[in-house]
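Visitor: the amino acid sequence is not available; the structure is as follows:
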């Protein structure tokens, strides 16, 4: 008799299709769509939460009412939610609701009608159990099956006779309780054991024990045995062994792994087709030959047989055959005296696993690099001596604990991003992500997907798996939108919706996602003038300009120049492994310049001084570093002072013009147009002269 509880535990209930709708959906159209999808139920979901189900079949009796009805009028809440992984007939019978809503891998995949499932499957299982019992009771061999916990789930009539028990007294019991002295207590489910002889109740039996496996999972074990006490049964032992041998050969032949069997002397007895597929060697070249000869001829590159026979244990090694990475395991088969009878070599192709591991490693490195690039740490170590800058930091620290939007204003190179990081570091979001993006350095057609992300197949070239946008990456953290004035008008509207609703929608998606992001924007443009010109939305400006912080240019905070000079020299000494120092005279000379490029220009100038000077003490400007070429008093003219090599002069003029153009345009395409040169040429020169700038243009 077989245990019906065991059958129920292995069978999944019938899952019927569903169609998801909301309270606001048109009921008639929803039913039409559901019928086309062969769905039996409508699932009403609001705010990602199931509200109830509607049985479509019940609606057909009320067709005239559907045109004026709402989903809520037919809502059935007699359901529960069950994870698909834990679903089977046995557990479902303990549920009191009429319906089970099946949840799998982040979504609702169907509904089980428990009354239908219970009535139907109880009848089916009962009928199947009766047929199985009839078939098993008709066989001459005894059959015993155990589940993973070694409970008896099956004993046919022959087994009951041999063990001299009744099925109702043992089915469901553990083997240890039902048959304390039975060899079944030592049954190992891991591998088959064929032709096992033992005694049960004074009878000699011959048993074959194999794992009970379904879907790659071992459910227990099964013992099929024959009573060989009588001479007649002893004569049938040979036929049984031969039958089992054929069965074993079938298993070996259909194994996905390659299998190579030899005797203890290395004579090839059997090779399955998977071995041929993996190695590319025809089995007819191997059968009946000794592996030692095959190795000497080069047909086989390696053999484990001799080593396995000598060591009487399993041996595993790696091998490359036909550019495939193989893992080879040799296992000894021992006789009753502990001597090796045969050697079974298992060959598995792990090339794909190795490739996947490499791909995973590459992907992880790329992810780490991307994370390191996007999520930068913001420290509290800010160079600041001037009164104006101290007021800026005081205001920044005051607004930092609040989650209000901040607009940072100021010329290029003044340190607007430094202020943004300072706000993040001193906020309650300091432990979360700080994400930055330059709205002027990314083409308009890519900026939307960078900010909001996209679903798979949203556009040509898109990642099939989709991509998370920067808003989602910055969830619960801070998003710094640099050069916000460069954002296209259509994206300004999308940004405004995010600020208002706290939700983002990926490109190509219909569902929105909640995000909690603090926005800090920065620009060197006059946004109010842009509003008058129609290039910036006034409603977005008022949303961003809740708190505005103006970062003064370097010419208005000359007190900071000495601090910056000391800081940059220290960093350069660390970078180049030197010990140069600067004098007060050097600092005073720095203060004589207006530094239109602000802190960034000052940093580049000091580095040039550092590199060009042969002295350990920087007291005055070197000839080339002083450049003998200056930008004048801001009228746009370049003034030549003294004599310097022509090539140096050309380089200095090029750099000055490239910096000015980029400072005005904030985009390599526009800047190249201003200088009447191609964008690739401008981009190359910009990378050459301004490689240390943090706001690089895009190619």
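Guide: Yep, it's here. Predicted model, so just to flag it, every value in this text is computed and none were measured.
Visitor: can you list the residues that contact stretch 477-485?
Guide: Residues outside stretch 477-485 that contact it (C-beta atoms under 8 Å, 6 or more residues apart in numbering) are 407, 416-417, 420-421, 423-424, 427, 429, 432-441, 470-471, 487, 495, 517-525, 527, 530, 536, 544, 666, 695. Using the backbone N, CA and C atoms, a C-beta is placed for each residue, glycine as well.
Visitor: tell me the pLDDT of the closest residue to residue 617 other than its chain neighbours.
Guide: Using C-beta to C-beta, 6 or more residues apart in numbering and skipping residues adjacent in sequence, the residue nearest residue 617 is residue 581, 5.8 Å away. As predicted, residue 581 sits at a pLDDT of 89.
Visitor: what's the separation between residue 160 and residue 441?
Guide: 81 Å (C-beta to C-beta, to the nearest Å).
Visitor: can you give me the strands in the stretch 351-500 of the chain?
Guide: 406-409, 434-438, 453-454, 467-468, 478-482 (DSSP state E, counting those that start in this stretch).
Visitor: what do you get for the stretch 1-150 of the chain?
Guide: According to DSSP E, counting those that start in this stretch, the stretch 1-150 of the chain carries its strands in the segments 18-21, 41-46, 49-55, 79-83, 99-104, 107-113, 142-147.
Visitor: by mean pLDDT, point me to the weakest helix or strand of the protein.
Guide: helix 623-626 (a mean of 46; mean pLDDT, DSSP states H and E).
Visitor: and stretch 262-276, which residues are buried?
Guide: Buried residues in stretch 262-276, counting neighbours by 16 or more other C-beta atoms under 10 Å, are found at 262-264, 266-268, 270-272, 274-276.
Visitor: mind putting those residues into a markdown table with secondary structure, pLDDT and distance to residue 113?
Guide: Shown next, in a markdown table, are those (DSSP: H, G, I helix; E, B strand; the rest coil; pLDDT from 0 to 100; distance: C-beta to C-beta, whole Å):
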| residue | secondary structure | pLDDT | distance to residue 113 |
| --- | --- | --- | --- |
| 262 | strand | 91 | 57 |
| 263 | strand | 91 | 59 |
| 264 | coil | 88 | 61 |
| 266 | coil | 88 | 62 |
| 267 | strand | 92 | 61 |
| 268 | strand | 91 | 57 |
| 270 | strand | 90 | 51 |
| 271 | strand | 90 | 51 |
| 272 | coil | 91 | 46 |
| 274 | helix | 89 | 43 |
| 275 | helix | 88 | 49 |
| 276 | helix | 88 | 49 |
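Visitor: now, among those, which is nearest to residue 586?
Guide: residue 274 (77.2 Å; C-beta to C-beta).
Visitor: test my guess that that closest one contacts residue 256.
Guide: Yes. Counting by C-beta atoms under 8 Å, residue 256 is a contact partner of residue 274 at 5.9 Å.
Visitor: pLDDT below threshold where in the stretch 401-550 of the chain?
Guide: 458-462 (pLDDT under 70).
Visitor: at which residues are the helices of it located?
Guide: 416-425, 444-452, 470-473, 489-501, 527-533, 538-544 (DSSP state H, counting those that start in this stretch).
Visitor: what packs against the last one?
Guide: Here helix 538-544 touches helix 489-501, helix 527-533, going by 3 or more C-beta pairs under 8 Å, 6 or more residues apart in numbering; DSSP states H and E.
Visitor: let's see 10 Å
Guide: strand 406-409, helix 489-501, strand 518-523, helix 527-533 (3 or more C-beta pairs under 10 Å, 6 or more residues apart in numbering; DSSP states H and E).
Visitor: just the fifth one next, same as before
Guide: In terms of contact count using 3+ C-beta pairs under 10 Å, 6+ apart, helix 527-533 is assigned the packing partners helix 538-544.
Visitor: try 6 Å this time
Guide: Counting contacts by 3 or more C-beta pairs under 6 Å, 6 or more residues apart in numbering; DSSP states H and E, helix 527-533 packs against no other helix or strand.
Visitor: what's in contact with it?
Guide: 536, 538, 541 (C-beta atoms under 6 Å, 6 or more residues apart in numbering).
Visitor: if we use 8 Å, what do you get?
Guide: Against helix 527-533 from outside (C-beta under 8 Å, 6+ apart): 484-485, 536-538, 541, 545.
Visitor: whichever of these end up buried, select them in ChimeraX.
Guide: In ChimeraX, a selection of the buried entries from the contacts of helix 527-533 looks like this (16+ other C-beta under 10 Å):
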select :484,485,536,537,541
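Visitor: closest to residue 79 out of the contacts of helix 527-533?
Guide: residue 537 (46.5 Å).
Visitor: partners of the residue nearest to residue 22 when sequence neighbours are not counted in the sheet?
Guide: Among residues not flanking residue 22 along the chain, residue 46 sits closest, at 5.9 Å (C-beta to C-beta, 6+ apart). Counting by DSSP bridges, residue 46 is bridged to residue 49.
Visitor: could I get the pLDDT score of residue 46?
Guide: Looking at residue 46, its pLDDT reads 90.
Visitor: equivalent analysis for residue 636, please.
Guide: Confidence score, pLDDT, at residue 636: 52.
Visitor: ok, and for stretch 488-496, which residues are buried?
Guide: Those would be 491-492, 494-496, for stretch 488-496 by 16+ other C-beta under 10 Å.
Visitor: repeat that for stretch 181-196.
Guide: Of the residues in stretch 181-196, those buried (16+ other C-beta under 10 Å) are 182-184, 187, 189, 192, 194.
Visitor: now do the SS call for residue 250.
Guide: helix (DSSP: H, G, I helix; E, B strand; the rest coil).
Visitor: okay, now it: neighbour count?
Guide: By the criterion of other C-beta atoms under 10 Å, residue 250 has 10 neighbours.
Visitor: now do the same contact list for it.
Guide: Counting by C-beta under 8 Å, 6+ apart, residue 250 has no contacts.
Visitor: model confidence for it, exactly?
Guide: Looking at residue 250, its pLDDT is 85.
Visitor: please report how far it lies from residue 270.
Guide: The gap separating residue 250 from residue 270 is 12 Å, by C-beta to C-beta.
Visitor: just residue 392 next, same as before
Guide: Residue 392 is 82 Å from residue 270, by C-beta to C-beta.
Visitor: likewise for residue 113?
Guide: Taking C-beta to C-beta, one finds residue 113 at 51 Å from residue 270.
Visitor: and if you look at residue 538?
Guide: Taking C-beta to C-beta, one finds residue 538 at 83 Å from residue 270.
Visitor: cool, residue 193 as well?
Guide: Taking C-beta to C-beta, one finds residue 193 at 19 Å from residue 270.
Visitor: ok so, going back, closest to residue 14 out of the helices and strands packed on helix 538-544?
Guide: With C-beta to C-beta as the measure, helix 489-501 is the member of the helices and strands packed on helix 538-544 nearest residue 14 (41.1 Å).
Visitor: nice, that's everything, thank you.
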